[in-house]
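Peer 1: could you look at this predicted model? Sequence included:
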Amino acid sequence: RLFEAAEADTFRRRHAEEFEEMMREAEAGLLGPDADAWADRCRSEVDNVRAALTWASEADEHDLAVRIAGSFGRYWAYAGLVVEARDRLSLIALHDHVDSVALSETLGWLSHFVQLEGETEEAAVHADRALGVARRVGDPHALLRALMVKANALNSQGKPDAALDSYVEIAARARELGDDYLQIALFNIAMNAPGRNRHDESRSAAAEMVELAESSGQGVAMAMARSVAALSAFFRGELDEARKHATIGERHLVEGFPQPLAGIAITRANLAFIDGDLDEAEAQARRCLAATEQLGEIGLMILGHRILAEIALRRGEIDAALDRFETSVETFFGRTDRPDDAAFLGSTLAAIALRLDELGLAMTVAELDRLQQLERDIRYPVPFARIAEQVYAEIEAAMPLDRAEVAKTRAAGLRGREIVALLEELRATR
């Protein structure tokens with residue numbers, strides 16, 4: 001029986017190693033010219049890979065478990081399996097391991113998935129561990145990946161300029177090494193540069209992504225590139241360009257990969273809202289939210305909820321709008337401490353309060369239109385801070401200076417109906 005057990009373990013180990021090798025090939029394949037074929041193969045074998053990872057973990061084959069988990073990360077990300085990835089990787093990270101490229105990679109993926117769920121401090125810890133392992137191992141490709149993880153952690157901690165500079169450096173290194181991580185660096189530059197008013201860098205990165213994807217001829221890559229190009233163009237205020245990329249990207253969407261779908265849908269939702277087609281905007285926003293629920297991606301979730309709240313406001317459904325934003329606050333403030341997310345939600349809630357005519361502090365239609373134009377023209381997410389400033393300006397205009405300062409301090413820490421209640425109180429006492 002001991003011989004049979006040992007023979008069974010040998011078979012399972014060989015089985016696990018074979019699937020690790022397959023997922024290693026898939027990791028590069030999902031970023032390359034045969035991405036569609038690799039996506040289909042991964043979907044057909046995913047249960048076998050899960051079984052191999054489970055066996056390696058339970059059999060105390062920790063180094064093998066690290067290698068399988070590291071190879072699995074790319075597919076977990078593409079398929080939006082955030083919760084599964086975080087749970088599996090967290091268990092593996094609890095054990096002591098010998099420094100290796102695979103360990104750095106696995107810790108990097110753990111940082112990525114934890115960050116997607118809004119746990120920025122924990123993500124930073126895993127990022128630092130991944131970078132430390134990569135430096136000790138000395139592999140340039142492993143170091144490149146760990147630097148990417150660290151840059152993402154910086155971004156989630158509210159250090160966007162440092163993160164963006166890192167992405168630019170990583171893209172240059174990736175070009176020199178011929179590393180597939182070039183596409184990921186370009187993604188981050190395209191999406192983050194508009195918020196720092198670095199539009200030329202964003203535009204150039206998106207164009208390079210599209211060029212690389214088109215040369216591959218693969219649906220997944222083309223859909224992702226067009227999704228990034230569409231959303232980054234929208235953030236830059238280039239609406240016609242955003243519309244063009246969203247339309248082309250729609251034709252390349254691949255079933256089972258929600259990330260490009262989410263980006264294209266939220267771009268189309270915003271464009272439809274600007275065009276005044278509220279039904280289409282709502283349909284696309286809900287489509288985005290359905291995809292982001294799979295991804296666990298907080299930023300696009302916030303955008304989806306905000307569009308639905310704005311639609312409710314346009315329809316005069318004030319309670320529905322407030323409910324939508326309060327749900328967003330409850331969901332996201334508990335999951336992220338990123339300053340941009342907090343400012344985004346808090347100041348948009350302030351804007352809702354301003355739109356309620358019965359409070360006596362509401363903005364005129366012309367003022368609202370002006371703010372919406374600012375939102376399209378000024379770098380994201382600055383306009384929302386401007387809206388919050390308008391709240392304070394209205395308070396100052398309505399009250400003596402000493403009382404206005406107190407009111408502003410109170411308003412800065414409130415959310416949702418609390419803001420409404422404060423403005424009602426001010427109106428009653430001024």
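Peer 2: Thanks, I have the structure now.

Peer 1: which of the helices or strands spans the residue lying closest to residue 321 once chain neighbours are set aside?
Peer 2: Counting by C-beta to C-beta, 6 or more residues apart in numbering, residue 321 lies nearest to residue 312, which is 3.9 Å off, once chain neighbours are set aside. Where C-beta positions appear, they are placed from N, C-alpha and C, glycine not excepted. For residue 312, the element it lies in under DSSP states H and E is helix 298-314.

Peer 1: same for that helix, what does it pack against?
Peer 2: helix 258-275, helix 278-295, helix 318-332, helix 339-354 (3 or more C-beta pairs under 8 Å, 6 or more residues apart in numbering; DSSP states H and E).

Peer 1: please repeat the previous calculation with a cut-off of 6 Å.
Peer 2: Applying 3 or more C-beta pairs under 6 Å, 6 or more residues apart in numbering; DSSP states H and E, one finds that helix 298-314 contacts helix 258-275, helix 278-295, helix 318-332.

Peer 1: single out the most deeply packed of these.
Peer 2: When the helices and strands packed on helix 298-314 are scored by mean count of other C-beta atoms under 10 Å, the highest mean neighbour count falls to helix 258-275 (a mean of 25).

Peer 1: so what touches that helix?
Peer 2: Residues outside helix 258-275 that contact it (C-beta atoms under 6 Å, 6 or more residues apart in numbering): 80, 223-224, 227, 230-231, 234, 242-243, 246, 249-250, 253, 280-281, 284-285, 287-288, 291-292, 294-295, 300, 303-304, 307.

Peer 1: what does stretch 41-59 give?
Peer 2: By C-beta under 6 Å, 6+ apart, stretch 41-59 touches 12, 16, 19, 23, 26, 64-65, 68, 75.

Peer 1: if you count neighbours, what's buried in the helix ranked longest in the chain?
Peer 2: Assignment by DSSP state H gives helix 2-29 as the longest helix of the chain. By neighbour count on 16 or more other C-beta atoms under 10 Å, the buried set for helix 2-29 is 12-13, 16-17, 19-20, 22-24, 26-27, 29.

Peer 1: can you name the next helix or strand after that helix?
Peer 2: Downstream of helix 2-29, the next assigned helix or strand under DSSP H and E is helix 35-58.

Peer 1: the residue nearest to residue 203 when sequence neighbours are not counted: neighbour count?
Peer 2: Closest residue to residue 203 apart from its sequence neighbours, by C-beta to C-beta, 6+ apart: residue 236 at 7.0 Å. Residues near residue 236, counting by other C-beta atoms under 10 Å, number 24.

Peer 1: same check, this time on residue 53
Peer 2: Residues near residue 53, counting by other C-beta under 10 Å, number 24.

Peer 1: what does residue 209 give?
Peer 2: Residue 209: 27 surrounding residues under other C-beta under 10 Å.

Peer 1: before we move on, what about residue 239?
Peer 2: Residue 239: 16 surrounding residues under other C-beta under 10 Å.

Peer 1: once you drop chain neighbours, what's closest to it?
Peer 2: In this structure, residue 239 finds its nearest non-sequential neighbour in residue 271, 6.5 Å apart by C-beta to C-beta, 6+ apart.

Peer 1: now residue 76
Peer 2: Nearest non-adjacent residue to residue 76, counting by C-beta to C-beta, 6+ apart: residue 85, 3.9 Å away.

Peer 1: for the one you found, give its distance to residue 239.
Peer 2: 35 Å (C-beta to C-beta, to the nearest Å).

Peer 1: can you check residue 130 too?
Peer 2: Using C-beta to C-beta, one obtains 39 Å as the distance from residue 130 to residue 239.

Peer 1: do the same with residue 162
Peer 2: Distance, residue 162 to residue 239, using C-beta to C-beta: 30 Å.

Peer 1: swap in residue 137?
Peer 2: 46 Å.

Peer 1: and for residue 112?
Peer 2: Between residue 112 and residue 239 the computed distance is 31 Å (C-beta to C-beta).

Peer 1: what of residue 276?
Peer 2: Residue 276 is 14 Å from residue 239, where distance means C-beta to C-beta.

Peer 1: residue 283 now?
Peer 2: Distance, residue 283 to residue 239, using C-beta to C-beta: 19 Å.

Peer 1: ok, residue 149 touching residue 127?
Peer 2: Yes - with contacts counted by C-beta atoms under 6 Å, residue 149 reaches residue 127, the gap being 4.6 Å.

Peer 1: my read is that residue 95 contacts residue 61, right?
Peer 2: No - checked against C-beta under 6 Å, the pair residue 95 and residue 61 is beyond contact range at 10.8 Å.
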